[in-house]
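Asks: fold the following for me, if possible:
(2 chains)
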Amino acid sequence: MLKEKSRWKKLLSFIQFCFIPLFAFLMIVIIPFISGVFNTFTDFNGIEMTKMVGVENYRKALTDKTFWSTLWLTIQYVLCSVIFTNLIAFLLALLVTSKIKGKHFLRSVFFMPNLIGGVILGFIWQFIFSKFMVYIGDATGIALFQYSWLIDTNKGFWAMVIVSVWQMSGYLMLIYIAGFIGIPKEVLEASSIDGATKIKQLVHIRIPLMIQAFTIAVFLTIKNSFMVYDLNLSLTNGGPYRSTEMITMHIYNEAFLFQAYGTGQAKAVILFVIVAAVAITQVLITKRMEVES
Amino acid sequence: MKSKRLLISTIGVLSAVSFLFPFFIILLNALKNKADIIQYPLAITKDLSFSNYIEAFNEMNYLTSIMNSLLITVSSVIVLIVFTSMLAYYLVRHKTVMTKIIFIVLIASMIIPFQALMIPFVTIYGKLGMLNSRLSLICFYLGFGVSLSTFLFHGFIKTIPTAIDESAMMDGASQFRLFWSIIFPMLKPIASTVAILNVLWIWNDFLLPSLVLFQEARTLPLSTFAFFGKYTSQYGLAMAGLVLSIVPVVIFYLIMQKYIISGVTQGSLK
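Replies: The predicted structure is shown next:
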């Protein structure tokens, strides 16, 4: 009797504390995820399904040339933005932790682009690339700027990279600053007494001691760059001639523009597997580096 | 030494200028007419006027969009904080196989890209007729936001000694009362981190509301997108729209700067 009562009480407190958030999570994340994976094995067309089709959707997805080209473009984009964003973020962090005046002001300025949504940032830069740079090109005769980067199949890609570096580096800078601050002062003092130069100190002591900051920063850049959509939409909208269409935009168009739900969802599942694999590998590798250092 | 310091300051000034330059360009050109923008994008011309701002303000239903964005952001964040702090508390204080599994599933779900959910999401909730409502959007944000917020609260609650719970339990308080009167007030620092991360996410989110909301219930990013699409070639007007849509975030940033920077740092390091 008593036991039953306490079990009832336990259930009640579980419902009180967990039911609503877990129910929302189940309905909004788990069920769509499972139904999405399930639907890739059927002929579901957005309205009804009639039969199982096996791996047909995956076969279609994997033999689609545009899928591979957008995926390859996205991988290049991820690589470039991971490298440049982290490099610049690291240098900015060095700058605002050095003996410079107005550190706080600089830090706020560098972080600012991060507060603004990708759609709006893309529009701002659309004007810069298509009007302002062309104006500079005309005025100075620099060939690089004489035509809008956004109508060039090659430079459009670099326009994306530049804007995403500008957007994200302030955020990663905060992580690197936290990494610098986490290094014990005694270690640095000891090494400078031993005669280590600033550069040597950076390479041999500070960087190895803040590998964790790199783990986090690289992880975030990989994830964010794979998922880029807003910026892609507002800056180039995939153009010219779909030359800057990233994988997420490709999935969106496939599903909602061309109504190909099955292959669209199959591509989304493949994207999920790739992102999960890349992110987990990266975290495992840098974690090992953390342990070693 | 002196020349080195000068060099660092120069780099600092140059990089600050290059980061702010895009904002400066749109701020300035939004005051001009089209001819001046094309001919002198960098110059401060004679006839600057606020007419672009006024027209953009009316055309993009600025106040309505801001109110929509505010309503959705504030309600979602409150709902998220209330429910995920409770969930996290329960998961920390009841160590069973089930709570461990729940926690692992929550963490693992963070890697699922939104694109892998959006197609089934739209078909399921479209069929149920739950799209095109602000209330559903708030529920959706609760569902999508549960994992990260619970994770952040979880990490913080772990550090609160159970002795505090036990002494309150002895006074006969129920777990529910105990949580709200004793534990929740202690969560302030992490709650502000959770709030800031979610505000920035929800306020700026574009893809989810673009799938859920239509027409009159538009949030600010949606109406900016529509406005810009319509007036792309009227540069001054388009830029005034962009400036207007940035203003609320900048004001929020100026007021809350300290909290935003520490909140974002805390949130990403966890």
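
Asks: can stretch B:226-240 be found next to chain A?
Replies: Yes. Part of stretch B:226-240 sits near chain A under the criterion Cβ under 8 Å from any Cβ of the partner chain, namely B:228, B:235, B:238-239. Every residue, glycine included, has its C-beta placed from N, CA and C.

Asks: low pLDDT regions in the chain?
Replies: I'll assume chain A. For chain A, the stretches flagged by pLDDT under 70 are A:1-5, A:291-293.

Asks: not what I meant, chain B
Replies: Applying pLDDT under 70 to chain B picks out residues B:1, B:215-216, B:270.

Asks: how about the closest residue to chain A within it: what's its closest non-neighbour residue?
Replies: Closest residue of chain B to chain A, Cβ to the nearest Cβ: residue B:143 (2.6 Å). Nearest residue to residue B:143, sequence neighbours excluded (Cβ to Cβ, 6 or more residues apart in numbering or on different chains): residue A:28, at 2.6 Å.

Asks: so what's the residue count around that neighbour?
Replies: 23 (other Cβ atoms under 10 Å in any protein chain shown).

Asks: that one reaches residue B:136, doesn't it?
Replies: No. Using Cβ atoms under 8 Å, residue A:28 makes no contact with residue B:136, being 9.9 Å away.

Asks: still on that earlier bit, so which of the residues of stretch B:226-240 next to chain A belong to helices?
Replies: Of the residues of stretch B:226-240 next to chain A, the ones assigned to helices by DSSP state H are B:228, B:235, B:238-239.

Asks: next up, the contacts around residue B:22.
Replies: Residues in contact with residue B:22 (Cβ atoms under 8 Å, 6 or more residues apart in numbering or on different chains) are A:124-125, A:128, A:166.

Asks: do residue B:164 as well
Replies: B:182-183.

Asks: so where does it fall, helix or strand?
Replies: helix B:162-170 (DSSP states H and E).

Asks: from the chain's centre, how far out does stretch A:12-26 sit?
Replies: 31 Å (Cα atoms, centre = their mean, to the nearest Å).

Asks: ok so, going back, would you mind listing the buried residues in the helix or strand just after the helix holding residue B:164?
Replies: Going down the chain from helix B:162-170, the next helix or strand is helix B:175-178, by DSSP H and E. Residues B:175, B:178 are the ones in helix B:175-178 that count as buried (16 or more other Cβ atoms under 10 Å in any protein chain shown).

Asks: need the next SSE after helix B:175-178, C-terminal direction.
Replies: Next element after helix B:175-178 (DSSP H and E): helix B:184-186.

Asks: show me the contact partners of the helix or strand following that following helix.
Replies: Next in sequence after helix B:184-186, counting helices and strands by DSSP H and E, comes helix B:188-204. With contacts defined as Cβ under 8 Å, 6+ apart, helix B:188-204 is touched by A:114-118, B:69, B:72-73, B:76-77, B:80-81, B:84-85, B:141, B:145, B:148-149, B:152-153, B:155-156, B:220-221, B:248-249, B:252, B:256, B:259-260, B:262-264, B:266-267.

Asks: which of these are buried?
Replies: A:114-118, B:69, B:72-73, B:76-77, B:80-81, B:84-85, B:141, B:145, B:148-149, B:152-153, B:156, B:220-221, B:249, B:252, B:260, B:262-264, B:266-267.

Asks: take the residues you listed and keep only those in helices.
Replies: A:118, B:69, B:72-73, B:76-77, B:80-81, B:84-85, B:141, B:145, B:148-149, B:152-153, B:156, B:220-221, B:249, B:252, B:260, B:262-264, B:266-267.

Asks: domains of chain B?
Replies: With domains defined by automatic domain parsing, chain B comprises B:2-49, B:61-269.

Asks: save those as TSV, and put in distance to residue A:245 too.
Replies: What follows is the domains of chain B, written out as TSV (distance: least, Cβ to Cβ, whole Å):
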stretch	distance to residue A:245
domain B:2-49	24
domain B:61-269	14
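
Asks: most packed of those?
Replies: Mean neighbour count (mean count of other Cβ atoms under 10 Å in any protein chain shown) peaks for domain B:61-269 among the domains of chain B, with a mean of 19.

Asks: just how off-centre is that one within its chain?
Replies: Distance, centroid of domain B:61-269 to centroid of chain: 7 Å (Cα atoms, centre = their mean).

Asks: center of chain B - which residue?
Replies: Centroid-nearest residue in chain B, with Cα atoms, centre = their mean: residue B:200, separated by 1.8 Å.

Asks: related to what we said a few turns ago, which of the contacts of residue B:22 ranks first by neighbour count?
Replies: Within the contacts of residue B:22, most neighbours by other Cβ under 10 Å means residue A:125, with 27 neighbours.

Asks: measure that one to residue B:265 for me?
Replies: 26 Å (Cβ to Cβ, to the nearest Å).

Asks: as a check, name the ranges of all strands in the stretch 151-293 of chain A.
Replies: For the stretch 151-293 of chain A, no strands are identified by DSSP state E, counting those that start in this stretch.

Asks: residue A:202 versus the nearest residue to residue B:263 once chain neighbours are set aside, what's the distance?
Replies: Of all residues beyond its chain neighbours, the one nearest residue B:263 is residue B:196 (3.6 Å), with distances taken as Cβ to Cβ, 6+ apart. For residue B:196, the distance to residue A:202 equals 31 Å [Cβ to Cβ].

Asks: cool, and residue B:232?
Replies: 46 Å.

Asks: ok, now how distant is residue A:255 from chain B?
Replies: Residue A:255 is 5 Å from chain B, where distance means Cβ to the nearest Cβ, to the nearest Å.

Asks: neighbours around that residue, how many?
Replies: 23.

Asks: just give the nearest non-adjacent residue to residue B:134, would you?
Replies: In space, residue B:134 is closest to residue B:217, 5.3 Å off (Cβ to Cβ, 6+ apart).

Asks: quick one, what contacts the one you found?
Replies: Residue B:217 touches B:68, B:132-134, counting by Cβ under 8 Å, 6+ apart.

Asks: at 10 Å instead, please
Replies: B:64-65, B:68, B:71-72, B:132-134, B:137, B:209 (Cβ atoms under 10 Å, 6 or more residues apart in numbering or on different chains).

Asks: and stretch A:255-268, how far out from the chain's middle?
Replies: 22 Å.

Asks: quick one: buried residues of that stretch?
Replies: A:255-256, A:260-268.

Asks: how about stretch A:51-68?
Replies: A:53, A:56-58, A:60-61, A:64, A:67.

Asks: and that stretch, anywhere near chain B?
Replies: No. Applying Cβ under 10 Å from any Cβ of the partner chain, one finds stretch A:51-68 separated from chain B by no less than 11.7 Å.

Asks: what kind of secondary structure is residue B:95 in?
Replies: For residue B:95, the assignment made with DSSP: H, G, I helix; E, B strand; the rest coil gives coil.
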